[in-house]
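Chemist: structure for this input, please:
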Amino acid sequence: MNAFLGEKDGFAVGPTIKPKTMGIWVLPTNIRASDNSTIVLMDTEGFFGSDVAEAYDAKIFALTTLLSSHLVYSSIKLIDQSAVDYLELLARRTQLFQLKNAALNNLSEEQLDVPSFLKGEDFPDFTWVVKDFIQDLDGASPQSWLEEYLDGNRDSGIEGMDGTLKDIFKSVNCHTMFIPSTNKNDLRDLSKLSAEDFTEDFASDLQALKTSVIQNLGSKRMSDGRKMNGSSFAMMLQFLVQSSNQDIFPSVPSLWNSWIQSLVETAYRDANSNYKNKMEKLLSLGAPPSEEEFLSHHNTYRDDSQHLYRNLLFDFQSLYQDGIPNLMKEISEKFSNFEERNKEKIRKVIADKRREVRENFAALMDELHLPTAPKNIINKFRSSNGLDVFEDALKKYGSSKYYIEALSDLKGEVEGIRDKVILKNLDRIKNKLGEVSDVMSRKYEDIMNKLTLVAMAPVKLVKSAEEAVISAKSHASEYLKNQSHSWIEELEEFSAHIALVEKKFVAKLKEFEKKNEEKIGQKAEALVKDISSTLKSGFSAILPFPDEEETLVAKAGNEIKIQLEKFTKGMHDLVDSERYKFALSELKKLTSGMVEDLKERNVRDYKSKCFDVLKCAEKILDRDESVFSLAYYLPFALKSKATSAVKDCFSKSTEFQKFSEKLKTKVINDWYKTDLAAKSVAVEWRMILIGALLLMMTVAGFLFYYQAKPQTRKSHLKTKVQ
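Modeler: Residues are numbered from 1 along each chain as shown. You can find the predicted model right below:
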């Protein structure tokens with residue numbers, strides 16, 4: 001009770017065999033019920049006290065039952081059938097209802113509000129608490145354990161038993177509680193223990209009990225439904241004590257039938273326990289027996305238990321014969337449970353060995369240094385997969401379906417581990433091939449970068465690239481050899497990978513060829529620039545201006561030929577490159593342009609020497625300019641007149657007579673395009689305006705004609721009609 005309260009000094013307890021609690025002790029608490037009423041605890045002395053009559057136990061039981069909202073009965077270690085019988089006897093045969101009737105007869109409605117529990121069969125909830133419980137319930141719950149006793153007692157045929165506790169109380173529950181301490185001195189005087197000193201199991205059991213009792217706990221009610229308060233509780237307690245002291249409790253009947261039943265149940269329980277304990281011991285040994293061994297042990301233990309049951313009831317053969325079918329039935333049920341447990345242990349042993357073999361094999365495979373030659377993995381699997389170890393260790397379970405299934409699964413698992421390692425090894429090989437690719441690429445690029453520092457012939461570059469590939473392969477082989485991975489070169493994947501790398505080198509060669517072409521272009525560009533500068537300065541030094549064009553072109557051509565030979569000589573080993581061909585083409589265009597520039601300069605210089613002659617021709621044109629002249633409106637007429645004027649003026653000049661007609665014509669054409677450009681444009685515009693005017697007049701004439709023609713037809717028709 002003190003543990004229930006969480007206090008040390010609630011109710012007095014002692015370390016001796018003498019009881020402390022006498023009669024009924026009442027203690028109000030600070031604990032609230034589910035309806036918020038105050039919980040009051042009542043502690044009573046136990047049954048069968050020294051110098052105490054059975055009628056006294058009945059009174060104590062009656063008072064506490066009537067006043068309680070929840071009755072808690074405790075026993076030590078187990079539920080005793082005799083205790084069950086005694087409780088039922090007290091409830092049925094001690095005339096609880098007679099106590100109610102006596103109370104009702106002694107009171108009237110005017111004297112006191114009669115509580116509802118005195119007007120009808122309003123018994124409280126009931127909980128049986130088994131203290132210091134350490135036994136095994138074979139998978140059953142405490143509740144089902146108690147109900148087994150109660151249901152078994154329903155049809156027991158014991159005199160006076162008209163029902164069970166379940167027929168009396170509102171609900172019947174059962175809770176087991178572990179010992180509160182493992183210390184002998186603490187157990188001797190529990191008043192010294194605090195909540196922190198309790199064992200973990202006891203604390204857990206205590207909390208479960210408190211929750212079960214309190215969660216649906218409510219106050220007793222008066223006749224009008226009001227909650228019973230402290231004063232009404234005290235009044236009813238005093239009244240019931242006075243009523244119980246009247247001579248209304250007959251003696252408790254003989255317990256002989258209960259004793260006989262207890263003897264039978266004890267023999268039954270011992271025989272059951274004999275079978276159970278032997279089976280438990282069998283299952284507690286190391287490796288579980290095989291299914292065949294287990295069945296053999298079961299048959300032996302079953303026969304032993306039957307023999308024990310007969311010996312314990314030697315003087316009660318009829319009871320023995322009646323109990324044997326139930327005993328065999330229960331042993332058969334227990335056998336099913338133990339058989340399943342043994343199978344579970346077999347499954348566990350097989351599963352553990354399977355896991356051990358699998359993990360050991362996985363550890364061995366993890367020890368492999370990857371990447372490794374694929375054949376090493378296969379050899380390791382064949383020699384160390386652990387299947388033979390599994391079969392040797394579990395051969396006594398060879399006929400078990402669990403063994404057969406586990407062996408099949410284990411084979412799949414170790415093969416799966418092997419396959420994972422193979423895949424992992426392939427990934428590592430792939431990574432190593434990637435390293436080989438990087439090594440080859442770096443070597444190849446180092447060689448090619450050095451080669452393309454200067455321009456070189458494309459054919460030579462291709463040949464050097466082929467040599468660089470061979471060198472890169474050799475470097476990769478040396479790299480694998482230094483890492484003890486030369487075996488990789490024997491794999492098909494290696495050849496395929498090298499082929500891909502070489503394919504990349506082909507693409508890389510395009511880049512180097514492009515880079516080389518750029519170098520060639522730079523060299524060619526520098527030569528072209530130098531040649532251009534040389535030609536420009538050379539032309540100025542060797543060519544007199546003005547001069548006959550043929551002479552001038554011949555002298556420039558000789559100089560250009562010299563420089564083209566210089567360009568070809570400077571690029572002699574690169575003549576098969578595209579950049580050389582392009583640069584040569586551009587150089588020829590450049591020199592051709594230079595020649596044209598020389599021709600134009602020659603014309604300009606000659607033109608400057610003929611300045612007076614050209615001015616003379618301009619004066620003639622200005623003088624003869626007239627709106628009635630064709631040269632005023634037509635460009636070709638203007639050019640013809642200008643040419644005639646220049647030739648007239650040139651004929652009077654001795655300077656002009658020194659040059660050929662071809663050169664003279666070029667001078668006249670240049671003069672016409674430049675000096676007479678404004679005059680020529682004006683003539684073109686006049687021609688356009690006159691042409692447009694003539695076009696407009698023509699269109700207007702046609703329009704006038706087609707408009708006048710219908711009028712003439714109309715007049716002609718009128719004349720006919722008249």
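
Chemist: once you drop chain neighbours, what's closest to T29?
Modeler: I39 (5.2 Å; CB to CB, 6 or more residues apart in numbering). Every residue, glycine included, has its C-beta placed from N, CA and C.

Chemist: over to that neighbour: give its phi and psi.
Modeler: When quoted as degrees, to the nearest 10, the phi and psi of I39 stand at phi -90, psi 130.

Chemist: same check on the one 4 residues further on?
Modeler: For D43, the backbone dihedrals are phi -120, psi 130 (criterion: degrees, to the nearest 10).

Chemist: OK, contacts around it?
Modeler: 1, 11, 21, 24-25, 27 (CB atoms under 8 Å, 6 or more residues apart in numbering).

Chemist: could you do Y402 as well?
Modeler: By CB under 8 Å, 6+ apart, the residues touching Y402 are 343, 346-347, 350.

Chemist: of the residues you listed, closest to R269?
Modeler: K343 (26.7 Å; CB to CB).

Chemist: for the stretch 251-400 of the chain, which segments are assigned as helices?
Modeler: Secondary structure of the stretch 251-400 of the chain (DSSP state H, counting those that start in this stretch): helices at 256-284, 291-312, 317-366, 374-384, 387-393.

Chemist: which strands and helices lie in contact with the one helix or strand A708 maps to?
Modeler: Using DSSP states H and E, A708 falls within helix 677-721. Using 3 or more CB pairs under 8 Å, 6 or more residues apart in numbering; DSSP states H and E, the elements in contact with helix 677-721 are helix 635-650.

Chemist: and the helix it packs on, what does it pack against?
Modeler: In this structure, helix 635-650 packs against helix 611-624, helix 661-674, helix 677-721, with contacts taken as 3+ CB pairs under 8 Å, 6+ apart.

Chemist: next, the angle helix 611-624 makes with that helix.
Modeler: Interaxial angle, helix 635-650 versus helix 611-624 (axes from the mean of the first three to the mean of the last three CA atoms, to 10 degrees): 130 degrees.

Chemist: follow-up on the earlier one: which residues touch the residue nearest to T29?
Modeler: I39 neighbours (CB under 8 Å, 6+ apart): 29, 31-33, 214, 217.

Chemist: how does it look with 6 Å?
Modeler: I39 is in contact with 29, 31, 33, counting by CB atoms under 6 Å, 6 or more residues apart in numbering.

Chemist: and what of F123?
Modeler: Listed by CB under 6 Å, 6+ apart, the contact set of F123 reads 168-170.

Chemist: now, among those, which is nearest to K581?
Modeler: So of the contacts of F123, ranked by how close each gets to K581 (CB to CB), first place is K170, at 115.1 Å.

Chemist: so what pLDDT did that closest one get?
Modeler: With respect to pLDDT, K170 has a value of 81.

Chemist: surely it meets D125?
Modeler: Yes: counting by CB atoms under 6 Å, D125 is a contact partner of K170 at 5.1 Å.

Chemist: the two: which is more packed in?
Modeler: D125 (18 against 15; other CB atoms under 10 Å).

Chemist: partner residues bridging the more buried one?
Modeler: Under the criterion DSSP bridges, D125 forms beta bridges with H70.

Chemist: list the residues that contact it.
Modeler: 70, 170-171.

Chemist: what do you get for V414?
Modeler: V414 is in contact with 361, 385, counting by CB under 6 Å, 6+ apart.

Chemist: so it: helix, strand or coil?
Modeler: Classification of V414 using DSSP: H, G, I helix; E, B strand; the rest coil returns helix.

Chemist: mind checking pLDDT for it?
Modeler: pLDDT, read off for V414, is 92.

Chemist: again, but for F316
Modeler: pLDDT, F316: 57.

Chemist: quick one, phi/psi of T372?
Modeler: According to degrees, to the nearest 10, T372 has phi -140, psi 170.

Chemist: before we move on, the earlier item: who wins for most neighbours among the contacts of Y402?
Modeler: Greatest neighbour count in these, by other CB under 10 Å, goes to I350: 24 neighbours.

Chemist: name the nearest residue to that one, ignoring sequence neighbours.
Modeler: A406 (4.7 Å).

Chemist: any stretches of the stretch 501-650 of the chain with poor pLDDT?
Modeler: Low-confidence segments of the stretch 501-650 of the chain (pLDDT under 70): 540-545.

Chemist: now the strands: where do they sit in it?
Modeler: Using DSSP state E, counting those that start in this stretch, the stretch 501-650 of the chain contains no strands.

Chemist: how about the helices in it?
Modeler: So, for the stretch 501-650 of the chain - with DSSP H, counting those that start in this stretch - the helices run 549-570, 578-609, 611-624, 635-650.

Chemist: buried set for the last one?
Modeler: By 16 or more other CB atoms under 10 Å, the buried positions in helix 635-650 come out as 635, 638-639, 641-643, 645-646, 649-650.

Chemist: want to throw the helices and strands packed on helix 635-650 into TSV with mean neighbour count and distance to N229?
Modeler: Output for the helices and strands packed on helix 635-650, formatted as TSV (neighbours: other CB atoms under 10 Å; distance: least, CB to CB, whole Å):
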stretch	mean neighbour count	distance to N229
helix 611-624	15	144
helix 661-674	16	135
helix 677-721	10	130
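
Chemist: returning to that earlier point: in the contacts of D43, find the pair that's most separated.
Modeler: Farthest pair in the contacts of D43, by CB to CB: M1 and I24, 12.3 Å.

Chemist: that's all I had, so thanks and see you.
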